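Asker: Fold the following for me, if possible:
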Amino acid sequence: MRIGFIGVGNMGGPMARNLVKAGHALAAYDVVRGNLESVVGAGARGADSIRAAIADAEIVITMLPSSPHVRSVYFGDDGVLAAVGRGVILVDSSTIDPHTAREVAARAAGQGNPMADAPVSGGTNGAEAGTLTFMVGATEELFARIEPVLALMGKKIVRCGDSGTGQVAKICNNLVLAISMIGVAEAMSLGVALGIDPGVLAGIVNSSSGRCWSSDSYNPFPGVMANVPAARGYTGGFGADLMLKDLGLATDAAKQARQPVVLGAAAEQLYRLFSAQGHGALDFSAIIQMFTKEPKGQA
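Answerer: Numbering: from 1, shown residues only. Here you go, the predicted structure:
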């Protein structure tokens, strides 16, 4: 297929490369020109505008940082909806609020472009390996059409319901992720302060009832795991400011639903403090610096 891909940063870049690897003709655009280098090196065509990236696309995929970015990219005078051909499928894999996802999808449908929200879970490692989980909000017909493409970037593709439900699933998942990462960070820091080797403690947790993804796949303590941000100064992962943004989406949605999220609110405040201290660009697992006596990594 001819694919236009907008937003090829830490997550979008490897996702786009996997599509190229599978044989698709892909044109990429990113406001950060340096982000294009790796996808162009993999065989994609670099575009100098959104319009150029989607000019002959059969499907357009976006991976953007936040709701305002999505609104700008889709609703701008030179944005996706102004440039895309009628009938072209649109897939947004950004993590945004469900209201925005539904609003963009409705505008797209009104001009003849079926659209799905398809946020992902699995982090940068999952994006590289093509093992992401896609949470999709779409009609059954649209889901059937896009599933084969998403399967080239992920190993689990789940239809959550109609428009917006993919985003509902994602913000709830990241609510759990933030809370569990803080729990693992506290426990690892406490254990080391009490004298246990961090690798031994992680091994116990990962084979016991405390096991979770934050511990067994993305452990925040330096030296416990290779190929995770904690092994490289908390760089190159999912930024703490992005996690703070997702927690804000969850707590805002909870207010609208009149649903308590006590631990989520506490996690949001902790990440807000961490960001205010100048660490927002570090991976979200760097939250362990709030608990360790000798923080590792640099802002």
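
Asker: Only C-alpha atoms from now on, for both contacts and neighbour counts.
Answerer: Fine.

Asker: So which elements touch whichever strand or helix holds A116?
Answerer: Under DSSP states H and E, the secondary-structure element containing A116 is strand 115-117. The contact analysis (3 or more CA pairs under 8 Å, 6 or more residues apart in numbering; DSSP states H and E) places strand 115-117 against strand 89-92, helix 98-110, strand 132-137, helix 140-150, helix 165-193.

Asker: right, so of these, which gets closest to I59?
Answerer: Nearest of the helices and strands packed on strand 115-117 to I59, taken as CA to CA: strand 89-92 at 4.7 Å.

Asker: Alpha carbons of the closest one, in PDB - could you do that?
Answerer: Coordinates of the C-alpha atoms in strand 89-92 are reproduced here as PDB (Å, rounded to 0.1, in the frame of the first residue of the first chain):
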ATOM      1  CA  ILE A  89      -8.400   5.800   5.500                       C
ATOM      2  CA  LEU A  90      -7.000   7.800   8.500                       C
ATOM      3  CA  VAL A  91      -5.500   6.200  11.600                       C
ATOM      4  CA  ASP A  92      -4.400   8.200  14.600                       C
END
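
Asker: Now do it: which elements does it pack against?
Answerer: Secondary elements touching strand 89-92 (3+ CA pairs under 8 Å, 6+ apart): strand 59-62, strand 115-117.

Asker: Can you tell me which of those is packed in deepest?
Answerer: Looking across the helices and strands packed on strand 89-92 with neighbours counted as mean count of other CA atoms under 10 Å, the highest average goes to strand 115-117: a mean of 30.

Asker: what pLDDT, on average, does the following helix or strand past that one get?
Answerer: Beyond strand 115-117 on the C-terminal side, the first helix or strand identified by DSSP H and E is strand 120-121. The predicted model gives strand 120-121 an average pLDDT of 92.

Asker: Could you point out the helix or strand that follows strand 120-121?
Answerer: Per DSSP H and E, the first helix or strand lying C-terminal to strand 120-121 is helix 123-129.

Asker: what about S208, neighbour count?
Answerer: Using other CA atoms under 10 Å, the number of residues around S208 comes to 10.

Asker: Next one: it from D77, what distance?
Answerer: Distance check for S208 against D77: by CA to CA, to the nearest Å, it reads 54 Å.

Asker: Also L194?
Answerer: In this structure, L194 lies at 59 Å from D77, with CA to CA as the measure.
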